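A.B. asks: Quick one, what's the 3D model for this:
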Amino acid sequence: MIGLDDLIDRYLQSLRFVRRASDNTVAAYGADLAAFGQFAEEGGARAAEDVTLALVRAYLARMSEADYAPATVARRLSALRSLYRWARRQALTSADPTRSLRSPRQRRRLPGALRPAEVEALMEAPGQTAAGLRDRAILELLYGSGLRASELVGLDVGDVDMVTREIRVRMGKGGQQRMSLFGEPASDALGRYLREGRPRLASAPCSALFLNKLGGRLSDRGVRRLFDKYASVGGERLKATPHTLRHTFATHLLANGADLRSVQQLLGHAGIGTTQIYTHLTVDHLRAEHDRAHPLAGASRDADDQED
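C.D. replies: Residues are numbered from 1 along each chain as shown. Presented below is the predicted three-dimensional model:
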């Protein structure tokens, strides 16, 4: 009968040398499994076969009582599942105590969105240098099309049709593509960058749409540094990232009457459920606007407070 610690060690060795997992991945699995190993030992379970469904449930309850984040609980359970799934395939255990357990439901965090005035301030932040014209085009295109940063830096000049305002977007590593659209502000900024900014950045032939200061393709990290540079606008620090503009694009479309299926296609979401999260943001926005603008919204709430 194999000991639990020995089983965990063998599994981590398999991750490292058979599956070629990264050092960070192996370390993360090791930490999560060590935490369970300590709990199991406290409960008298030292062999892999000593771990029961009741013990795993007690472990989950312990983490819940200690106010662990649902994501942490789910991750630790996933590591334990992976351990016993591998152990059964290797014939090192006969049972899987995690088999009938479901991962805890995680609260889905709603993405943040910038207000229109914040978007406008962010767009005005870049200057008139070649890099500034490029940065303005990037900001306008992210907000005007909902592209991911990785999709944006993967664009070539030939992927953009300035007449129809269409973009051919490559999605991931599978060769899939989709068409996205952009509006007049993005078109104006992109056109000026192509006429005045990009030729000054290009030091050698390069197909990339957005170039770095050396004339090569701008990286994903380069786009993120751009946001760090322009986040402080008007004396206020904006919580803005490339993904924030993607969220803002979707939220503003829905708030102004776009249908969910159209937004799903523009964002490149595989399922409608991912897009539906933005409807919650829109409802929250409408509720806030109602409370702010309706003449009796605040008064009725004040009256209720007085009655209490």
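A.B. asks: Over to residue 244. Which of the three states is it?
C.D. replies: Following DSSP: H, G, I helix; E, B strand; the rest coil, residue 244 is assigned to helix.
A.B. asks: Against residue 10, how distant is it?
C.D. replies: According to Cβ to Cβ, to the nearest Å, residue 244 stands 44 Å off from residue 10. For every residue, glycine as well, the C-beta is placed using N, CA and C.
A.B. asks: out of these two, which sits in the more crowded spot?
C.D. replies: Neighbours per residue (other Cβ atoms under 10 Å) separate residue 244 from residue 10, with residue 244 holding more: 22 against 16.
A.B. asks: I figured the more buried one hits residue 119, correct?
C.D. replies: No: applying Cβ atoms under 8 Å, one finds residue 244 not in contact with residue 119, separated by 9.8 Å.
A.B. asks: Tell me if I'm right that residue 48 and residue 9 touch.
C.D. replies: No: contact criterion Cβ under 8 Å: residue 48 and residue 9 do not qualify, at 11.5 Å.
A.B. asks: Please say which of those two ends up with more neighbours.
C.D. replies: Of the pair residue 48 and residue 9, residue 48 is the one with more neighbours under other Cβ under 10 Å, namely 23 against 13.
A.B. asks: could you list every residue that touches that one?
C.D. replies: Going by Cβ atoms under 8 Å, 6 or more residues apart in numbering, residue 48 touches 1, 2, 3, 4, 6, 7, 87, 92, 93.
A.B. asks: Also residue 41?
C.D. replies: Counting by Cβ under 8 Å, 6+ apart, residue 41 makes contact with residue 4.
A.B. asks: ok, 10 Å please
C.D. replies: 4, 5, 50 (Cβ atoms under 10 Å, 6 or more residues apart in numbering).
A.B. asks: Work out for me the element it sits within.
C.D. replies: helix 23-42 (DSSP states H and E).
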